[in-house]
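Please find the sequence and the predicted model below.
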Amino acid sequence: QSIAQEVVGLLCMVLLTLTALVANTVVMVVILKTPLLRKFIFVCHLCVVDLLSAIFLMPLGIISSSSCFNRVIYSIAECQALIFLNVCFISASILTISIISVERYYYIVHPMRYEVKMTIRLAVAGVIFIWVKSVLITVLALVGWPQGNGATSASRCTVYWSPGAHKKVFVIIFSIVCFVLPTIIIFAVYCSVYRVARMASLQHVPMPAQVAAPRHRSDSIASQVTIITTRNLPLPRLTPERFLGSYKAILTLVLIVGQFLCCWLPFFAFHLHSSVTAGTVGSGHGEMVVTWIAYSSFAINPFFYGLLNRQIREELARLRRSCLNRPLGQELCLSISEASVQENFLQFLQRATCTLETHASCISPSPRNRLDQTKMGFPIPGQVPEESS
C-alpha cells in the first residue's frame with residue numbers, strides 16, 4: 001500500500017508540474033504574440049513566475065518529497081539555493097496576484113484614472129517592486145545558516161534545518177507579508193468590485209437626464225442635489241438575467257478568493273504552527289503535503305487569470321487555427337446569453353455597467369467607451385467621480 005501511495009503521489013506531482021509548464025507557456029505566448037493583449041502585463045508576469053517555478057522549483061520539490069530520491073544529498077550551498085528559489089518564487093507569485101487584483105479594481109471602479117495613470121513605466125515599476133520585495137524576504141530566510149561543507153538529505157532541506165530564533169521571526173514576517181496582507185487586499189478589492197457590479201446589474205433603465213446631467217466638482221450644489229436625488233431613486237426590479245449575472249459574480253468571487261485560500265492557507269498555517277510551537281519539527285509528511293498544495297497554485301493560476309479570459313481564449317483559438325492552416329469559419333463573437341456563461345468576471349462587470357439594452361453597447365465595453373457613456377449621461381453606479389481636466 002505504501003508503494004502504491006508513493007507511485008500515486010509521484011504521478012500527481014509530475015502531472016502538476018507538466019500542467020504548470022504547458023498552461024503558463026501557452027498563456028504567456030498568446031499574450032506576447034497578440035498586441036491587443038499586451039495590456040495584461042501582470043498576468044504575463046504571473047505566468048513567467050509560475051513557469052520559472054515549474055522549471056526550477058517543482059522538479060526539486062519532487063526530489064525532496066518522493067522517497068525514490070532518498071539517496072540524493074545536498075550540500076549547504078545547494079540547500080540554500082533551493083530555499084532561495086522556494087521563498088523567492090512563492091513571494092513573487094503571491095505579490096503579483098495582489099497587484100492583479102488592485103489593477104482590476106482601478107480598471108472597473110476608476111476607469112478614467114486607470115486610462116491616464118496605467119502606463120508602461122508604472123507596470124515596469126510594479127514588476128521591479130515585486131522582485132525587490134521577494135529578494136529581500138528571501139535574504140531573511142538565509143540569515144543564520146551554518147557555514148562549512150556540511151551536507152543533508154534532500155528531504156531535510158527546509159528552513160528548519162538551521163533552527164534558531166531568527167527562523168521564527170522569518171516565518172512570522174513571511175506569513176504576514178506574503179499571506180495575511182495579500183489576503184486582506186484581495187478580499188477587500190474584490191468585495192468593492194462586487195459592490196459596483198451589483199449596483200450596475202440593478203441599473204435596468206437609463207438614469208433620468210436631470211440626474212446625470214451635472215458634471216461639475218462634487219462639492220458643487222448641483223452635484224449634491226444629484227447625489228441626494230440618486231439615493232432617493234427606487235431600485236429597479238432585478239430581472240432573471242441580471243439575477244443570474246449577479247449570482248455568477250458571487251460565484252466567481254468565491255472561486256478567486258477560495259482558490260487563493262485553499263492553496264496558501266494550509267502552507268502558511270503549517271509553517272506558523274511549526275515555528276511558534278516549541279519542540280515541533282517542520283519537516284515530514286505534513287510539510288510535503290502542504291507544500292504541494294501550495295505548488296498547485298502554479299498550475300491553477302494560468303487558468304484563473306489567463307485561460308478563463310475570453311479575449312485570451314479567442315486569440316488562442318485563432319493562433320491554433322493559423323498553425324493548423326484552418327479557415328476561421330464561424331465568428332468568435334458570442335451572444336449575450338452565451339457570454340453570460342463563458343465570459344469571465346471582468347467581462348461580466350464591463351457588460352453589467354452598460355445601461356443600454358443592445359448588443360452593441362454590451363459587447364464593446366472598454367474603459368474609454370465607459371467614459372463616453374458617462375459623458376452621454378449614463379453613469380456607472382458606484383464609480384467615484386473624476387475631475388475633468
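Great, that's in hand. Only a predicted model underlies this, so the values are computations on that prediction, with no experimental measurement involved. Residues are numbered from 1 along each chain as shown.

Pull the number of nearby residues for residue 31.
By the criterion of other Cβ atoms under 10 Å, residue 31 has 24 neighbours. C-beta here means a position set from N, CA and C on the backbone, and glycine is covered the same way.

Contacts only, for it.
Residue 31 is in contact with 37-38, 40, 43-44, 47, 306, 312, counting by Cβ atoms under 8 Å, 6 or more residues apart in numbering.

what about 6 Å?
Contact analysis of residue 31 by Cβ atoms under 6 Å, 6 or more residues apart in numbering lists 37, 40, 44.

Of these, which is the nearest to residue 6?
residue 44 (36.6 Å; Cβ to Cβ).

ok, the closest one to residue 271 distance?
29 Å (Cβ to Cβ, to the nearest Å).

repeat for residue 42
Shown here: residue 42 relative to residue 271, a distance of 27 Å by Cβ to Cβ.

Quick check: closest non-adjacent residue to residue 263.
residue 297 (4.0 Å; Cβ to Cβ, 6 or more residues apart in numbering).

helix, strand or coil for that neighbour?
helix (DSSP: H, G, I helix; E, B strand; the rest coil).

what's the answer for residue 74, then?
Assigned by three-state DSSP, the conformation of residue 74 is strand.

right, and it touches residue 156 too?
No - contact criterion Cβ atoms under 6 Å: residue 74 and residue 156 do not qualify, at 8.5 Å.

For the two, indicate the residue with more neighbours.
residue 74 (22 against 15).

And the closest residue to the more buried one other than its chain neighbours, how far from residue 86?
With sequence-adjacent residues excluded and distances taken as Cβ to Cβ, 6+ apart, residue 74 is closest to residue 157, at 5.1 Å. Distance of residue 157 to residue 86, given as Cβ to Cβ: 9 Å.

Ok, residue 141 next?
Counting by Cβ to Cβ, the gap from residue 141 to residue 86 is 8 Å.

what about the strands in the stretch 51-200 of the chain?
73-75, 151-153 (DSSP state E, counting those that start in this stretch).

can you tell me which of these the model trusts least?
Mean pLDDT values for the strands of the stretch 51-200 of the chain show the minimum at strand 151-153, a mean of 65.

State the number of residues packed around residue 57.
Using other Cβ under 10 Å, residue 57 has 21 other residues around it.

Is it in contact with residue 87, as I believe?
No - if you go by Cβ under 6 Å, residue 57 and residue 87 don't touch, sitting 10.1 Å apart.

tell me what the helix or strand hosting residue 48 is packed against?
Assigning secondary structure by DSSP states H and E places residue 48 in helix 41-52. When contacts are defined as 3 or more Cβ pairs under 6 Å, 6 or more residues apart in numbering; DSSP states H and E, helix 41-52 packs onto helix 2-33, helix 76-109, helix 285-302.

Need those helices in a markdown table (columns: mean pLDDT and distance to residue 264).
Below are these laid out as a markdown table (pLDDT from 0 to 100; distance: least, Cβ to Cβ, whole Å):
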| stretch | mean pLDDT | distance to residue 264 |
| --- | --- | --- |
| helix 2-33 | 91 | 15 |
| helix 76-109 | 90 | 7 |
| helix 285-302 | 92 | 6 |
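
Quick one: closest of those helices to residue 252.
Closest approach to residue 252 among the helices and strands packed on helix 41-52 (Cβ to Cβ): helix 76-109, 11.5 Å.

report the angle between the axes of the closest one and helix 285-302?
40 degrees (axes from the mean of the first three to the mean of the last three Cα atoms, to 10 degrees).

Can you report how many residues neighbour the closest residue to residue 100 other than its chain neighbours?
Spatial nearest neighbour of residue 100, excluding adjacent residues (Cβ to Cβ, 6+ apart): residue 42 at 4.9 Å. Around residue 42 there are 22 other residues, counting by other Cβ under 10 Å.

Report pLDDT for residue 42.
Looking at residue 42, its pLDDT stands at 93.

repeat for residue 134
Residue 134 is given a pLDDT of 95.

same check, this time on residue 335
34.

Then residue 168?
83.

what's the closest non-adjacent residue to it?
Spatial nearest neighbour of residue 168, chain neighbours left out: residue 275 (4.6 Å); criterion: Cβ to Cβ, 6+ apart.

What's the separation between the one you found and residue 263?
Residue 275 is 20 Å from residue 263, by Cβ to Cβ.

quick one: least confident helix or strand in the chain?
Ranked by mean pLDDT, DSSP states H and E, the weakest helix or strand in the chain is helix 336-342, scoring a mean of 36.

What ranges does the stretch 101-250 of the chain have for its helices?
111-117, 120-141, 165-175, 181-201, 209-212, 221-232, 240-276 (DSSP state H, counting those that start in this stretch).

closest one to residue 66 among those helices?
Per Cβ to Cβ, nearest to residue 66 of the helices of the stretch 101-250 of the chain: helix 240-276, 18.8 Å.

Reformat the helices and strands packed on helix 41-52 as JSON lines; add distance to residue 118.
JSON lines is the format used below for those (distance: least, Cβ to Cβ, whole Å):
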{"stretch": "helix 2-33", "distance to residue 118": "16"}
{"stretch": "helix 76-109", "distance to residue 118": "7"}
{"stretch": "helix 285-302", "distance to residue 118": "21"}
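
To residue 67, which of these lies closest?
Of all the helices and strands packed on helix 41-52, helix 2-33 comes closest under Cβ to Cβ, at 5.7 Å.

buried set for the closest one?
Neighbour-count burial for helix 2-33 flags 9-10, 13, 16-17, 19-21, 23-24, 26-28, 30-31 (criterion: 16 or more other Cβ atoms under 10 Å).

now, the most widely separated pair of those?
9 and 31 (33.1 Å).

Any stretches of the stretch 251-389 of the chain with poor pLDDT?
Within the stretch 251-389 of the chain, the set of residues satisfying pLDDT under 70 comprises 278-284, 326-389.
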